[in-house]
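1. any chance you could fold what I've pasted below:
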Amino acid sequence: MSGFFPTFCLMAFLASDPVTTPPTEYETKARILLMVLPYIQWSSESSWKDGPFVIAVLGDSPFGYHLDEGARSLTIHHRPIKIRYITRVREAEGCHALFVCSSEARRLDGIFAWTRGREVLTLSDDPALAKRGIMLNLLLEEGFVRLAANPEAVQGSGLTLGSRLMALARPIRASGASS
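-> Residues are numbered from 1 along each chain as shown. Sure thing, here's the model as predicted:
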């Protein structure tokens with residue numbers, strides 16, 4: 001009986017120390033997306049009505065439950081976050097951020113036409129869309145998720161990317177060449 005307790009404690013310790021699995025690509029991308037939004041200023045922010053900060057995900061969402069899960073306990077600019085999954089850009093009306101999925105590449109010109117004149121941050125994780133004018137991109141490079149920003153795409157949008165955000169992001173020029 002005297003050897004039972006130490007053996008039981010060791011077994012309990014080993015059983016309670018599960019091997020932690022690293023986060024998936026889209027779990028990481030969801031976290032980064034939610035973490036960078038507070039570093040962006042919308043010029044009309046002071047006139048926003050009460051209500052949630054709306055992130056619309058356009059197309060075949062790759063996030064699974066990770067974006068919803070991450071948004072539950074966070075706020076952006078002191079507002080709760082609401083995630084909307086949409087299939088047409090018109091359904092993004094009233095959103096503050098629009099994540100454009102790879103499935104929407106063929107409709108990107110129409111998406112840009114809709115966002116023009118609106119204070120809507122565009123985001124994606126598709127390198128091809130990053131080169132075509134999406135404002136913020138979550139790109140997988142050498143096994144790491146990296147943030148890339150297109151300052152030219154942000155110009156004239158009424159949005160300001162904070163200096164902390166720009167210090168972390170790799171700039172992408174409109175031509176698609178990275179600096």
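2. show me where the protein has strands.
-> 40-42, 53-58, 75-76, 79-86, 97-100, 121-124, 136-141, 144-149, 159-161, 170-171 (DSSP state E).
3. out of these, which one sits most buried?
-> Of the strands of the chain, the one with the most neighbours on average (mean count of other C-beta atoms under 10 Å) is strand 97-100, at a mean of 27. Every residue, glycine included, has its C-beta placed from N, CA and C.
4. packing partners for it?
-> strand 53-58, helix 108-115, strand 121-124 (3 or more C-beta pairs under 8 Å, 6 or more residues apart in numbering; DSSP states H and E).
5. list the neighbouring strands of it plus their orientation.
-> According to DSSP bridges, strand 97-100 has the following sheet partners: strand 53-58 (parallel), strand 121-124 (parallel).
6. which residues touch the first one?
-> What it means is strand 53-58. 33, 37, 63, 67, 71, 75-77, 79-89, 91-92, 94-101, 104, 111 (C-beta atoms under 8 Å, 6 or more residues apart in numbering).
7. so what's the gap between it and the chain middle?
-> Averaging C-alpha positions (C-alpha atoms, centre = their mean, to the nearest Å) puts strand 53-58 10 Å from its chain's average.
8. pick out the residue closest to the middle of the protein.
-> In the chain, the centroid-proximal residue (C-alpha atoms, centre = their mean) is L33; its distance is 2.4 Å.
9. ok, that residue - contacts?
-> The contact partners of L33, by C-beta under 8 Å, 6+ apart, come to I55, L67, F99, L123, L138.
10. picking that back up, would a markdown table of the strands paired with strand 97-100 with mean pLDDT be doable?
-> Formatted as a markdown table, these follow (pLDDT from 0 to 100):
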| stretch | mean pLDDT |
| --- | --- |
| strand 53-58 | 97 |
| strand 121-124 | 97 |
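11. E152: which of those is closest?
-> Shortest distance between E152 and these, using C-beta to C-beta, is found for strand 121-124: 12.6 Å.
12. check whether E25 really touches L140, as I assumed.
-> Yes: here E25 reaches L140: they are 6.1 Å apart, a contact under C-beta atoms under 8 Å.
13. perfect, I'm done here.
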